[in-house]
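In: kindly generate the corresponding structure for this input.
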Amino acid sequence: MPAGFRILPRARAVAPAIVERFRPLPVANVSDSMARMFAAGPRIRPMHKGGVMAGPAFTVKTRPGDNLMVHKAIDIANPGDVVVVDAGGDLTNAIIGELMLAQMVRRGLAGIVINGAIRDSLALAQQDFPVFAAGVTHRGPYKDGPGEINVAIAIDGMVIEPGDMILGDDDGFVAIGFDDAEKVLAATEAKQAAEQKQMAQIEAGTIDRSWVDATLKRLGCEGV
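Out: Residues are numbered from 1 along each chain as shown. From the prediction side, this is the model:
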């Protein structure tokens, strides 16, 4: 198959048990546990009513404004998968709308991320099915291709491989590489436990804030 217009099998995917352990963790804490080096940019925002998106990535790279390969991905992705679409960030034509969302719900998918636009925004905003996108337009898509399924894609510098862990909440979404998933999970769970302890100290008025002045002094701030 020629590069640019092909459908590839997905060789691996994060395990369901890993997905479920990531599900209750805030995206912000996952991001911090990855050294704050991985993000898909502030444009990609949740468009649905609310709720967490979690599952293995089923990637699509498509020509801006064209959703033929997105339709195919919806038909062949596994229940629980998150379809992640690099549509070039173009907002001229919508990649999905209400009808495609209904098909994704029927197939049991876990969500969709689009580096591009949606339409039928009110209908999508009233649903719990996770939809993350860069914008909204009423102009519909073309269905001519080309595109690729299950290839590496990048959104604002964050590389996403097929089968990577995808997690999304109100702060946005993050991809955790397949090989890094267990280490990042352990680090995030530890961070979450530490933050819960810190919150309890704040509420009790026992939190140690001496680090603020210590840092200012170390940086040479006058007046501390």
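
In: OK, contacts around the residue nearest the centre of the chain?
Out: Relative to the mean C-alpha position of the chain, the nearest C-alpha, by C-alpha atoms, centre = their mean, is the one of Phe173, at 3.1 Å. Taking C-beta atoms under 8 Å, 6 or more residues apart in numbering as the definition of contact, the neighbours of Phe173 are 27, 40, 44, 53, 113, 132, 166-167. Quick note: C-beta positions are derived from backbone N, CA and C, even for glycine.

In: so what strands line up beside whichever strand or helix holds it?
Out: Per DSSP states H and E, Phe173 falls inside strand 172-176. In the sheet containing strand 172-176, its partner strands are strand 165-169 (antiparallel), by DSSP bridges.

In: for the record, mean pLDDT for the partner strand?
Out: Confidence over strand 165-169 (mean pLDDT, whole number) is 98.

In: residues making contact with it?
Out: Against strand 165-169 from outside (C-beta under 8 Å, 6+ apart): 14, 18-19, 22-23, 25-27, 30, 46, 52-57, 82, 84, 111, 113, 130, 132, 160, 173-178, 181, 184.

In: next one: stretch 204-219
Out: The list of residues contacting stretch 204-219 from outside it, by C-beta under 8 Å, 6+ apart, reads 198, 201, 224.

In: so where does the second one fall, helix or strand?
Out: For Gln201, the host element (DSSP H and E) is helix 181-204.

In: that helix: which residues count as buried?
Out: 181, 184-185, 187-189, 191-192 (16 or more other C-beta atoms under 10 Å).

In: start to end distance for stretch 137-157?
Out: With C-alpha to C-alpha, to the nearest Å applied, stretch 137-157 spans 24 Å between its terminal residues.

In: likewise for stretch 54-74?
Out: Criterion C-alpha to C-alpha; first-to-last residue distance in stretch 54-74 is 16 Å.

In: show the backbone phi and psi for the nearest residue to Ala39 once chain neighbours are set aside.
Out: Of all residues beyond its chain neighbours, the one nearest Ala39 is Met158 (6.0 Å), with distances taken as C-beta to C-beta, 6 or more residues apart in numbering. Geometry field for Met158 lists phi and psi as phi -90, psi 110, criterion degrees, to the nearest 10.

In: now do the contacts for Met158.
Out: By C-beta under 8 Å, 6+ apart, the contact set of Met158 is 38-41, 174-175.

In: now distance to Leu91 and neighbour count too, for those residues, in CSV please.
Out: Formatted as CSV, the entries for the contacts of Met158 read as follows, by distance: C-beta to C-beta, whole Å; neighbours: other C-beta atoms under 10 Å:
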residue, distance to Leu91, neighbour count
Phe38, 23, 18
Ala39, 19, 19
Ala40, 15, 22
Gly41, 13, 14
Val174, 22, 24
Ala175, 22, 27
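
In: closest one to Leu99 out of these, please.
Out: Of all the contacts of Met158, the one sitting nearest Leu99 is Ala40; the distance, using C-beta to C-beta, is 25.5 Å.

In: helices along this structure, start to end?
Out: Counting by DSSP state H, the chain has helices at residues 16-22, 27-33, 68-76, 98-107, 121-125, 181-204, 210-218.

In: of all these, which one is nearest Arg6?
Out: Go through the helices of the chain one by one with C-beta to C-beta and the one that ends up closest to Arg6 is helix 68-76, at 9.5 Å.

In: what angle do the closest one and helix 98-107 make?
Out: Computed with axes from the mean of the first three to the mean of the last three C-alpha atoms, to 10 degrees, the direction of helix 68-76 lies at 20 degrees from that of helix 98-107.

In: many thanks, have a good one.
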